[in-house]
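Attaching a predicted model along with its sequence, questions to come.
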Amino acid sequence: MIQAIKLTAGKAFPTIEATQLDGTITNMGKAHGDADWQMLVVYRGKHCPLCLRYLNLLETHQAALKAIGISVSAISADSKAQLEESMDQLTITYPIAYGLTEQQMQQLGLYISTPRSEQETEHNFAEPGLFVINEQGLLQAINISNTPFLRPELAVIVRGLNFVRNQENYPIRGNLIY
């Protein structure tokens with residue numbers, strides 16, 4: 001039996017490298033553009049309409065996140081071909097990567113599912129996760145779900161992160177380990 005990893009708020013985000021459609025290898029936990037914080041959204045893949053809808057909704061909040069210094073990226077275990085097919089349904093401008101490995105899923109403490117059929121997908125995939133990494137590379141906020149319909153509401157996340165970013169020395173919450 002594999003021991004599940006639980007990431008702890010306030011600890012360093014693991015190095016997760018992945019490939020974008022243009023071939024760029026990216027450290028998914030690093031902020032980009034003018035931002036100093038990074039939000040990484042892990043989604044199930046092209047087979048999940050709820051995920052694709054969430055990614056499109058995330059695009060509508062990207063300007064508000066950028067205004068408070070947070071860049072956005074997304075990743076799944078899909079292949080390059082699957083991500084290319086997904087792009088027909090996505091209206092996003094933030095970086096999106098493919099090829100998240102099961103080892104990386106485990107590093108992130110994500111729930112992993114097997115496909116119901118070959119029509120869904122041919123590989124195991126990660127269930128949703130959302131990670132906010134601060135300027136020190138530490139996990140500021142974590143949300144992990146075992147199903148695509150239990151995701152945090154993006155407008156609430158933006159308001160909360162706006163509050164945190166505008167406080168002096170706001171502590172990372174939930175970092176006590178028992």
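Alright, I've got the coordinates.

Can you list the residue ranges for helices in this structure?
Taking DSSP state H to define them, one finds helices in the chain at 49-67, 80-86, 102-107, 154-165.

Run through the bridge partners of the residue nearest the centre of the chain.
Centroid-nearest residue in the chain, with CA atoms, centre = their mean: Val41, separated by 1.7 Å. According to DSSP bridges, the partner residues bridging Val41 are Ala74, Leu130.

For Thr15, see how far away it is.
Val41 sits 18 Å away from Thr15, going by CB to CB, to the nearest Å. Backbone N, C-alpha and C define where each C-beta goes, glycine included.

Could you do Gly99 as well?
Distance from Gly99 to Thr15, by CB to CB: 15 Å.

out of those two, which sits in the busier spot?
Ranked by neighbour count (other CB atoms under 10 Å), Gly99 and Thr15 place Gly99 first, with 17 against 12.

contacting residues around the residue nearest to Leu21 when sequence neighbours are not counted?
Spatial nearest neighbour of Leu21, chain neighbours left out: Leu83 (6.2 Å); criterion: CB to CB, 6 or more residues apart in numbering. For Leu83, the contact set (CB atoms under 8 Å, 6 or more residues apart in numbering) comprises Leu21, Lys46, Ser76, Ile96, Ala97, Tyr98.

For Gly160, which non-adjacent residue is closest in space?
In space, Gly160 comes closest to Ala141 once its chain neighbours are excluded; the distance is 7.9 Å by CB to CB, 6+ apart.
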